[in-house]
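Asks: here is my input, please return the structure:
(4 chains, ligands or ions: 4)
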There are 2 protein chains.
Amino acid sequence: MPSRTVEDYLKHLYLLEKGGQTPASQVAMGGLAAAVGVTAGTATSMVKSLSDSDLVDYEPRAGVRLTRAGTKLALQVLRRHRLIELFLVQTLGLDWSEVHEEAEELEHAISDKVLEKIDTLLGHPDTDPHGDPIPPSTGSPKQEKLTPLNDCAPNTTAKVARVRDQEPEFLQFVDKHGLTPGAQFTVESHTPSADAITVRPHDREPVTLGSAAAGKIMVKVGR
Amino acid sequence: MPSRTVEDYLKHLYLLEKGGQTPASQVAMGGLAAAVGVTAGTATSMVKSLSDSDLVDYEPRAGVRLTRAGTKLALQVLRRHRLIELFLVQTLGLDWSEVHEEAEELEHAISDKVLEKIDTLLGHPDTDPHGDPIPPSTGSPKQEKLTPLNDCAPNTTAKVARVRDQEPEFLQFVDKHGLTPGAQFTVESHTPSADAITVRPHDREPVTLGSAAAGKIMVKVGR
DNA sequence: GATTTGACTTTGACTACTCAAAGTATACAC
DNA sequence: GTGTATACTTTGAGTAGTCAAAGTCAAATC
Ligand SMILES: [Mn+2]
Ligand SMILES: [Mn+2]
Ligand SMILES: [Mn+2]
Ligand SMILES: [Mn+2]
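Replies: Ligands and ions are numbered 1, 2, ... in the order given. Model prediction:
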């Protein structure tokens, strides 16, 4: 049974591999250390031991990559994390801005049996409250092609699909302006030189976002 | 924040203090070590460090006792444990024989916020699936005076209040014969010399128990 | 009162994880 | 090409928790 620590390293490694939109061959130690919240030296020694367990491939000074076994474990942790998040929102009524932190602990404590009960209770959902895909119990999650809100032209009508940031303040802002996953909206204006995009959710007042914020909102263009 | 390990030591210490029906002044190291599942030497060194943190009073070779601060923490862990057990049975539909083990992990992972959501969802219950009292968020649980099934005379009518054993096999047996907390029954016969007691639950076939088993079932006499 | 026994404590060693600080390799600049 | 910055690795040390085995105390037995 992998420790809590190992599970977190693998999960963050997976997210970093996918995060860089390119095929993302190798992950740099620095990035991993920052993601897990340890010093670079700590990450180096942990990665060496993950490598000894064949959970990652490690080339000193080049980078780390999950093996097939490591990826499988990472996906199991991610599945637990995201199902728990949805459960906390749906069943216990927590706010979507606070469930990430809760799930960070619970993802290591829950058994397969409880997880499958939750999955059934929620009706086998395939995305979490932030629009992130919930990996199936075996295999990989399907990655939908999404557009950053950034790249939308004026008059486009689209639907929010995914919000790629766990900061409570950002999530609360998004919620307040009705841009949670599923929300439909129309782009009113887009001024790249002013770094601003204005959108009108179908049942709210228009809101203007800078590109840093707009880049975190992934949308699906269409009716 | 106390570690998972510290929480478990304190919780078991509390249960051992109350477990011995006498005022149970001091707990012996051996008993604590067995309860927590470590060697005696490990328990000794842990108890010394708990003593340094003023969570227990420790007299070498005499025994250990929780301080007020230690008792408070132990009760918080116990509250989490028992609310989680009830939640798992009530909301997720797990069997009462398997929730103890699950709660053993979850009791260390759940936040106060989630705990209070669960408490509210369940309607502020005061006993868990096994009939064990759920400590209130502050203060001590009220101890009801209960009789071991052992001590019931023939023709007594009583109600099961609490089942004091977490063994899945025993719990499944109890459930199968309809002796879960809340169940009414009548004592058909009691033969101390044969070490046996026969009871008839009001909606089941009679069942005969040895005194070891009957001693674990606590009842409330009367209709 | 001396001896045996069982419970307890101490010691030494190990695993897992962590950091600060010192050392090294690589890439980028000039 | 030499120099320097940056990222990375290594080293040394510390905390938390654990066990096996050796040592000690005290109560029970004789
Ligand atoms: Mn985590
Ligand atoms: Mn999420
Ligand atoms: Mn526990
Ligand atoms: Mn219980």
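
Asks: what pLDDT does residue A:24 get?
Replies: The model reports residue A:24 with a pLDDT of 62.

Asks: I meant to write residue A:72 there.
Replies: For residue A:72, pLDDT reads 98.

Asks: briefly note if the helix or strand it falls within comes near DNA strand C.
Replies: In this assignment (DSSP states H and E), residue A:72 forms part of helix A:68-90. No - applying CB under 7 Å from any atom of the strand, one finds helix A:68-90 separated from DNA strand C by no less than 13.1 Å. For glycine as for every other residue, the C-beta is placed from the backbone atoms N, C-alpha and C.

Asks: name the helices or strands packed onto that helix?
Replies: Using 3 or more CB pairs under 8 Å, 6 or more residues apart in numbering or on different chains; DSSP states H and E, the elements in contact with helix A:68-90 are helix A:4-19, helix A:99-106, helix A:112-121.

Asks: can you list those helices in CSV and add mean pLDDT, distance to residue B:30 and mean neighbour count?
Replies: Listed next are the helices and strands packed on helix A:68-90 as CSV, based on pLDDT from 0 to 100; distance: least, CB to CB, whole Å; neighbours: other CB atoms under 10 Å in any protein chain shown:
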stretch, mean pLDDT, distance to residue B:30, mean neighbour count
helix A:4-19, 96, 30, 20
helix A:99-106, 98, 33, 20
helix A:112-121, 98, 34, 16
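
Asks: can you redo those as a markdown table with distance to residue B:177?
Replies: As requested, those are exported to a markdown table (distance: least, CB to CB, whole Å):
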| stretch | distance to residue B:177 |
| --- | --- |
| helix A:4-19 | 40 |
| helix A:99-106 | 35 |
| helix A:112-121 | 25 |
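
Asks: residues in contact with whatever residue of chain A ends up closest to chain B?
Replies: Taking CB to the nearest CB, chain B has its nearest neighbour within chain A at residue A:109, 3.6 Å off. With contacts defined as CB atoms under 8 Å, 6 or more residues apart in numbering or on different chains, the neighbours of residue A:109 are B:105, B:106, B:108, B:109.

Asks: quick one on the thing from earlier: so the helix holding residue A:72 versus helix A:99-106, what angle?
Replies: Interaxial angle of helix A:68-90 relative to helix A:99-106 (axes from the mean of the first three to the mean of the last three CA atoms, to 10 degrees): 130 degrees.

Asks: next, residue A:162: phi, psi?
Replies: phi -160, psi 140 (degrees, to the nearest 10).

Asks: distance check, the residue of chain A closest to chain B against residue A:103.
Replies: 10 Å (CB to CB, to the nearest Å).

Asks: same question for residue A:8.
Replies: Relative to residue A:103, and taking CB to CB, residue A:8 is found at 12 Å.

Asks: all strands for chain A, in order.
Replies: Remark: strands assigned in chain A by DSSP state E are A:56-59, A:63-66, A:147-148, A:157-163, A:184-191, A:196-201, A:207-210, A:217-221.

Asks: would you mind giving those as a markdown table with mean neighbour count added?
Replies: Output for the strands of chain A, formatted as a markdown table (neighbours: other CB atoms under 10 Å in any protein chain shown):
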| stretch | mean neighbour count |
| --- | --- |
| strand A:56-59 | 18 |
| strand A:63-66 | 22 |
| strand A:147-148 | 15 |
| strand A:157-163 | 20 |
| strand A:184-191 | 17 |
| strand A:196-201 | 20 |
| strand A:207-210 | 17 |
| strand A:217-221 | 22 |
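
Asks: nearest to ligand 1, of those?
Replies: Across those, ligand 1 has its closest neighbour in strand A:63-66 (16.6 Å, CB to the ion).

Asks: which of the contacts of residue A:109 sits closest to residue A:18?
Replies: Proximity of these to residue A:18 was ranked by CB to CB; the top entry is residue B:109 with 26.0 Å.

Asks: so for the nearest residue in space to that closest one that is not next to it in sequence, what's the pLDDT?
Replies: Distances taken as CB to CB, 6 or more residues apart in numbering or on different chains put residue A:109 closest to residue B:109, at 3.6 Å, once the chain neighbours are dropped. pLDDT, residue A:109: 98.

Asks: and if you look at residue A:89?
Replies: For residue A:89, the predicted pLDDT is 98.

Asks: so who does the residue nearest the centre of chain A touch?
Replies: Closest to where the C-alpha atoms of chain A average out (CA atoms, centre = their mean) is residue A:132, at 5.2 Å. Shown in contact with residue A:132 (CB under 8 Å, 6+ apart): A:82, A:162.

Asks: what's around residue A:81, how many residues?
Replies: When counting by other CB atoms under 10 Å in any protein chain shown, one arrives at 24 neighbours for residue A:81.

Asks: ok, it touching residue A:11?
Replies: Yes - Residue A:81 lies in contact with residue A:11 (CB atoms under 8 Å); the separation is 7.2 Å.

Asks: which residue of chain A sits farthest from its center?
Replies: Outermost in chain A, CA atoms, centre = their mean: residue A:193 at 29.1 Å.

Asks: on that earlier part again, look up how far ligand 3 lies from the residue of chain A closest to chain B.
Replies: Using CB to the ion, to the nearest Å, residue A:109 is found at 10 Å from ligand 3.

Asks: in chain A, what residue comes closest to ligand 4?
Replies: For chain A, CB to the ion, closest residue to ligand 4: residue A:114, 16.1 Å.

Asks: do you know how far that residue is from residue A:90?
Replies: Distance from residue A:114 to residue A:90, by CB to CB: 15 Å.

Asks: residue A:127 now?
Replies: 12 Å.

Asks: residue A:217 too?
Replies: With CB to CB as the criterion, residue A:217 and residue A:90 are 22 Å apart.

Asks: mind listing what's buried along stretch A:85-104?
Replies: A:85-89, A:91-92, A:94, A:96-100, A:102-104 (16 or more other CB atoms under 10 Å in any protein chain shown).

Asks: returning to that earlier point: of all the helices and strands packed on helix A:68-90, which one is nearest ligand 2?
Replies: It's helix A:99-106; of the helices and strands packed on helix A:68-90, that one is closest to ligand 2 (CB to the ion) at 5.7 Å.

Asks: would you mind giving the domain segments of chain A?
Replies: Split into domains by automatic domain parsing, chain A comes to A:4-66, A:147-221.

Asks: let's have these in JSON lines, adding distance to ligand 4.
Replies: Formatted as JSON lines, these follow (distance: least, CB to the ion, whole Å):
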{"stretch": "domain A:4-66", "distance to ligand 4": "25"}
{"stretch": "domain A:147-221", "distance to ligand 4": "34"}
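
Asks: out of those, flag the one nearest DNA strand D.
Replies: DNA strand D lies closest, by CB to the nearest atom of the strand, to one member of the domains of chain A: domain A:4-66, at 2.4 Å.

Asks: start and end of the closest one, how far apart?
Replies: 17 Å (CA to CA, to the nearest Å).

Asks: of the strands of chain A, which is nearest residue B:184?
Replies: Comparing those by CB to CB, strand A:157-163 comes nearest, at 53.9 Å.
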